[in-house]
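A.B. asks: Return a 3D structure for these sequence lines:
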Amino acid sequence: MAKKSRGGITFPEGFLANGLFSGIKKAGKPDLALLASETECLVAGLFTTNRIKAAPVILSQRRIRTGSANAIVINSGNANACTGESGMQDALRITEKVSQFLTCNARKVLCASTGVIGRPLPIESVLDAIPKLVEKLSPNHHLECARAIMTTDTYVKESQGEIRLGDSIVRFGGMAKGVGMIHPQMATMLAFMTTDAEIDKDALKSALQIAVDRNFHTLSVDGETSTNDSVIILANGRAGNPRIMKGTAAYDEFVSELDAVCQKLRTLLIRDAEGATKYIHISVQGARSKTDARKIASSIARSVLVKTAFYGEDVNWGRIMVAIGNAGVPVREDRIDICMGDVALVHRGTGLGETQEEKAREVMKGQEIHLSVSLGLGPMTAEYWTTDLTYEYVRINAGYKGRT
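C.D. replies: Sure thing, here's the model as predicted:
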């Protein structure tokens, strides 16, 4: 058996993790995870824009304002959302008990949850599991941690990377979950990143925002934004590098590598989308502004009619035109070009005929498809990643609560 080693979320120096079954999920599947640093960390986070927020989101948003944290405790199988005051008390009790066993201030413990909305946590069972959860913390238990945050995910999603800054090696780690209720209105799932970089607080916040905008904000599975979406990064400074400040070459390198770690997580998320059989890269060129390009790409990505056409390999480019027109952006129909892969389908707003549609149908038979749209109005571009919408997606979500 291969020896366990650091990786994923514990790849940077000084981070520990664990995951186990605490009584939330059926069939003994892991459902409680803990990520902790051996020293206090700078912290930054982004959270759901849904106006109905789960208790752990509210609590973590409040605590993250201090700018520092020691740990994040995460449960799956139960969202702890729409659970009233008792849900907030449960979140407080969980973080308090974790802090006791970590010997840190409870306000330095953040929390996150994912799963069924409106169901009370089996709080006593969860609290009883915390001593063992903390006891078995290890840099080698990153997989256990990543498994314990999964819901309908079919595999663990981890990422890591490193850069050299002067004489120091700066490492990055990440883990994520989410295969449904994914749409970019902040964060779109649960994702956690770590780094051992010494970095300024404003630089960390800015770098996270850039990485999220480039990656998680360009990802849509079903157009839904949940009550629990969270992206959090911890930086413990253990690499010993000179402090990274905004506007420096070191900051640019930091952003580039964090972007790469998030890009891998984005790819893992889209490839595990609920019921998906096709993975679609949408690029929009020729927009007047970046905002216009992103609105149009988003409109195409979340269109149920477009997504079902991809599933059925139906070259119904009219649905793409409808989505472009529904984006709330001024366009000129007579300037729009659409291509499926390298096959031109529409030129200046007019279809190019059955021969081209037959060629496009062959492109649509593939698993990975590039859809490009040119608006002919300006210099700006945007990209999005989405999936088809299948019978299997409906089956999964029609009976989700009963299986969890």
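
A.B. asks: what about the helices in this structure?
C.D. replies: Remark: helices of the chain, listed N- to C-terminal, are 55-64, 84-102, 123-135, 142-148, 201-214, 249-271, 290-302, 304-311, 317-325, 354-364, 391-398, 400-403; assignment by DSSP state H.

A.B. asks: Next, format the ones you listed as TSV and append mean neighbour count, mean pLDDT and distance to Phe192.
C.D. replies: Just so you know, the C-beta spots here come from the backbone N, C-alpha and C atoms, and that holds for glycine as well. Putting the helices of the chain into TSV (neighbours: other Cβ atoms under 10 Å; pLDDT from 0 to 100; distance: least, Cβ to Cβ, whole Å) gives the following:
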stretch	mean neighbour count	mean pLDDT	distance to Phe192
helix 55-64	21	96	11
helix 84-102	18	98	15
helix 123-135	17	98	16
helix 142-148	25	97	9
helix 201-214	20	95	11
helix 249-271	20	94	10
helix 290-302	22	93	25
helix 304-311	19	93	29
helix 317-325	19	96	33
helix 354-364	16	96	36
helix 391-398	14	78	24
helix 400-403	12	56	23
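
A.B. asks: Could I get the ones you listed in TSV, plus columns for distance to Gly174?
C.D. replies: As requested, the helices of the chain are arranged in TSV below (distance: least, Cβ to Cβ, whole Å):
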stretch	distance to Gly174
helix 55-64	18
helix 84-102	21
helix 123-135	21
helix 142-148	10
helix 201-214	10
helix 249-271	5
helix 290-302	23
helix 304-311	27
helix 317-325	31
helix 354-364	32
helix 391-398	25
helix 400-403	26
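
A.B. asks: Out of those helices, which gets nearest to Met189?
C.D. replies: With Cβ to Cβ as the criterion, Met189 lies closest to helix 249-271 of the helices of the chain, at 6.4 Å.

A.B. asks: which strands and helices sit next to that closest one?
C.D. replies: Under the contact criterion of 3 or more Cβ pairs under 8 Å, 6 or more residues apart in numbering; DSSP states H and E, the helices and strands touching helix 249-271 comprise strand 157-165, strand 168-177, strand 190-195, helix 201-214, strand 380-387.

A.B. asks: What pairs with the third one, parallel or antiparallel?
C.D. replies: Yep, that's strand 190-195 we're talking about. With DSSP bridges as the criterion, the sheet partners recorded for strand 190-195 are strand 168-177 (antiparallel), strand 230-235 (parallel).

A.B. asks: How far away from the center of its chain is the biggest strand by length in the chain?
C.D. replies: Criterion DSSP state E: the longest strand present in the chain is strand 32-47. Between the centre of strand 32-47 and the centre of its host chain there is 16 Å, according to Cα atoms, centre = their mean, to the nearest Å.

A.B. asks: for stretch 161-175, same thing?
C.D. replies: Relative to the mean C-alpha coordinate of its chain, stretch 161-175 is positioned 21 Å out (Cα atoms, centre = their mean).

A.B. asks: from now on call the first residue 4
C.D. replies: Shifting the count to begin at 4 puts that one at stretch 164-178.

A.B. asks: which residues of the stretch 104-253 of the chain score low on pLDDT?
C.D. replies: Low-confidence regions of the stretch 104-253 of the chain, defined by pLDDT under 70, span residues 182-191, 224-228.

A.B. asks: can you do 90?
C.D. replies: Across the stretch 104-253 of the chain, the ranges flagged by pLDDT under 90 are 119, 154-157, 181-192, 216-232.

A.B. asks: Please list all residues in contact with the closest residue to Lys139 other than its chain neighbours.
C.D. replies: The spatial neighbour of Lys139 that comes closest, neighbours along the chain excluded (Cβ to Cβ, 6 or more residues apart in numbering), is Asn21 at 4.9 Å. Counting by Cβ atoms under 8 Å, 6 or more residues apart in numbering, Asn21 makes contact with 36-37, 136-137, 139-141, 144, 147-148.

A.B. asks: ok so, going back, between the helices of the chain, which gets nearest to Ser229?
C.D. replies: Closest to Ser229 of the helices of the chain, according to Cβ to Cβ: helix 58-67, at 9.6 Å.

A.B. asks: what about that closest one, distance to the chain center?
C.D. replies: Distance, stretch centre to chain centre, for helix 58-67: 18 Å (Cα atoms, centre = their mean).

A.B. asks: Tell me which of the helices of the chain lies nearest to Gly381.
C.D. replies: Each of the helices of the chain was scored for nearness to Gly381 using Cβ to Cβ, and the closest is helix 293-305 (7.9 Å).

A.B. asks: Bridge partners for the residue nearest to Lys139, pull those for me.
C.D. replies: Leu37.

A.B. asks: Redo the strands paired with strand 193-198 as TSV? Include distance to Asn329 and mean neighbour count.
C.D. replies: Conversion of the strands paired with strand 193-198 to TSV gives the following (distance: least, Cβ to Cβ, whole Å; neighbours: other Cβ atoms under 10 Å):
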stretch	distance to Asn329	mean neighbour count
strand 171-180	30	25
strand 233-238	28	28
